[in-house]
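K.L.:
got a predicted structure plus its sequence, pasted below:
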Amino acid sequence: MMLYVINCILLYIINVANHYFYTDFIVSLCQGSLRSMMTLQDEKSDTNSEPYAPHPVIIVKGPQGFGFNVRGQIDEGGQLKSINGHLYPPLQHISNVIPGGPADVAGVLMGDRILEVNGTSVAGESHSRVIELIKCNPEKLRMVLMSVPPKENERLDGEAVSYCSEEEFDIKSVDITIPNISQREEGGNKTVAYYNVYLNGKFLCSHRYKAFYNLQADLKNKFFQFEFPKFPGKWPFQLSQAHLEKRHKDLEQWLTQVCSISQLFKHFYIQEFLGLTNGGNNTKADNVSLDSKQEPDNADIKVFLPDKTSTCVNIPTESYVKEFVEAVCEKNNIPSEHASNFTIYKTYGLEDMEVALSPADKPVDLYVQNYNEAKILKFHFKKFVFSTEIEDALADDPICLNMLYQQAIDDLNNGRFETSGKEIELKRTQHVTTQKEFLKIVHSCPGYNTVTFPHCMCDSRKDGHVVLSVCESKIAIQACSTEGEKQDQIKNFLWAHVSDFGCDDDLFHFTITKNSSERKISLKSPYAEYMAQCFENITQHSSKS
């Protein structure tokens, strides 16, 4: 019978009970009216009968697991494909069956397409979703599978585009990071950037951009059907600091995404690149990355200046805070004799308190550690001065004056001191030509050069917390609730009466000696070490009164 077809509408009807897919064609004839409807059925063949019809299996987990591997598309969705005469969305399939294992005993075959897992249809689902469903029941697995003829299996594998393979179901994401860059001199005065790669916080290797470029080219040639993430392109000119930071970020993102696919991560190319093959012989990468297995001697660390701009300094990886400060001072032309009046502060977020690094901290180690913990750690270069007399001496140097001025502007904008009716004067002197005059006004504002710590527990207060504040003239302890709501009770102490102070982990204490009597006050705070640093700075540089 011949039908004159104007158009065909493809309708997919899912039989909920059996999860089969049928294909019906609604045929509309000319003149826009529906004249007839018919269902086209495939001729009965071996593909619609056993052993290629969908069938349920139950697998009881053994000592070595379920005994099979799953392969399939990474993402969900995708184009419909004809399998055994019916149209299906992309299906995950059995890529390997361990002989004699639970899956083998249950009759699972290599190439079987997975239609359902533990009562849930998985047609068109992502690889991770199917694995998640398989792991839902740790002891018994129920699936609906569909076997395919060998030639059909070869055809489907040949059409695959974005496949990944999980060798074991308990594989976790790989913690690959590039927290910092090293600068090395090569070929005379030429400086080359090396990207330091870490795995789970441990240094693995150091490579220049060319090694990454060669790796992605090798991977694309090997896995030509895989859709790789975007790789940062070459730059024909000399890289600015901004371009270098962007390339750094893009390379890390690319490497993280590639290594998250176990089939790629376990391949020789990446294992060799990371130095994880044959005891760490990284010969291929070493062709363009000298000493790639040796932890770099230096690293670039980004630090923010008081005017909110940033700069990168190259320091030895074993440097302490003092060397870090000296490197920033040198790069910004601050005289070395003034370096002791500045330090490095750290923050972990927009709302986090700025805390001075401990002299015993190693900035590179601290940066790598927090980088791998996904914390937003920032370093800030600022003065560490409470005495206005010392500030006046620093202001004789124009660069130090600008640093003090910019920090005072930041403190003003963030409400760290009271303006006390001096708003007009402060606004009038906010100019580079009147920086000293601005600082003179700021020195008279209450709260300037005062550090106020978050509320914490105190041994002398049982039913609440206290807020500790320190400045050049006094120590103030104000009572507050356990939520930090300040109360009227305030106790002030003069520095002349402080006879001892110190900290032990998160416990800070100081002793007040007055009229032959001693009183020890203890505070429990995560900022205990910073409290001790402030006490030491003030007692050393401020006159006691």
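P.N.:
That came through, no problem. Numbering: from 1, shown residues only.
K.L.:
quick one, helices of the stretch 251-400 of the chain?
P.N.:
262-265, 268-273, 283-286, 321-331, 363-372, 388-394, 398-413 (DSSP state H, counting those that start in this stretch).
K.L.:
any regions of the stretch 351-500 of the chain where pLDDT drops low?
P.N.:
351, 371-375 (pLDDT under 70).
K.L.:
where along it do the strands fall?
P.N.:
355-356, 378-383, 451-452, 456-458, 461-470, 474-480, 486-494, 498-504 (DSSP state E, counting those that start in this stretch).
K.L.:
what does the third one contact?
P.N.:
Same thing as strand 451-452. Here strand 451-452 makes contact (C-beta atoms under 8 Å, 6 or more residues apart in numbering) with 467-471, 534. Where C-beta positions appear, they are placed from N, C-alpha and C, glycine not excepted.
K.L.:
chain center to that strand, what's the gap?
P.N.:
How far strand 451-452 lies from its chain's middle: 30 Å, per C-alpha atoms, centre = their mean, to the nearest Å.
K.L.:
if we can go back for a sec, minimum distance to Lys230: which of the strands of the stretch 351-500 of the chain has it?
P.N.:
strand 378-383 (27.2 Å; C-beta to C-beta).
K.L.:
and the contacts of the closest one?
P.N.:
Residues contacting strand 378-383 (C-beta under 8 Å, 6+ apart): 301-306, 324-325, 328, 341-348, 354, 357, 363, 367, 391, 394, 403-404, 407.
K.L.:
now it against helix 363-372, angle please.
P.N.:
140 degrees (axes from the mean of the first three to the mean of the last three C-alpha atoms, to 10 degrees).
K.L.:
with just CA atoms, put strand 378-383 into PDB.
P.N.:
Coordinates of each C-alpha in strand 378-383 appear next as PDB, following Å, rounded to 0.1, in the frame of the first residue of the first chain:
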ATOM      1  CA  LYS A 378      44.500  37.100  51.000                       C
ATOM      2  CA  PHE A 379      47.700  38.800  52.200                       C
ATOM      3  CA  HIS A 380      47.700  42.500  53.000                       C
ATOM      4  CA  PHE A 381      50.800  44.700  53.500                       C
ATOM      5  CA  LYS A 382      50.100  47.300  56.200                       C
ATOM      6  CA  LYS A 383      51.700  49.200  59.000                       C
END
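K.L.:
returning to what we had before: could I get the strands of the stretch 351-500 of the chain as CSV with mean neighbour count and distance to Leu274?
P.N.:
As requested, the strands of the stretch 351-500 of the chain are exported to CSV (neighbours: other C-beta atoms under 10 Å; distance: least, C-beta to C-beta, whole Å):
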stretch, mean neighbour count, distance to Leu274
strand 355-356, 20, 35
strand 378-383, 21, 28
strand 451-452, 18, 44
strand 456-458, 18, 44
strand 461-470, 18, 47
strand 474-480, 18, 51
strand 486-494, 12, 53
strand 498-504, 15, 41
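K.L.:
right, and the ones you listed - which one's nearest Pro232?
P.N.:
Using C-beta to C-beta, the strands of the stretch 351-500 of the chain put strand 378-383 closest to Pro232, at 23.6 Å.
K.L.:
before we move on, back to that, in JSON lines: the helices of the stretch 251-400 of the chain, plus mean neighbour count.
P.N.:
Below are these laid out as JSON lines (neighbours: other C-beta atoms under 10 Å):
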{"stretch": "helix 262-265", "mean neighbour count": "17"}
{"stretch": "helix 268-273", "mean neighbour count": "19"}
{"stretch": "helix 283-286", "mean neighbour count": "17"}
{"stretch": "helix 321-331", "mean neighbour count": "19"}
{"stretch": "helix 363-372", "mean neighbour count": "18"}
{"stretch": "helix 388-394", "mean neighbour count": "17"}
{"stretch": "helix 398-413", "mean neighbour count": "18"}
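K.L.:
thanks a lot, see you next time.
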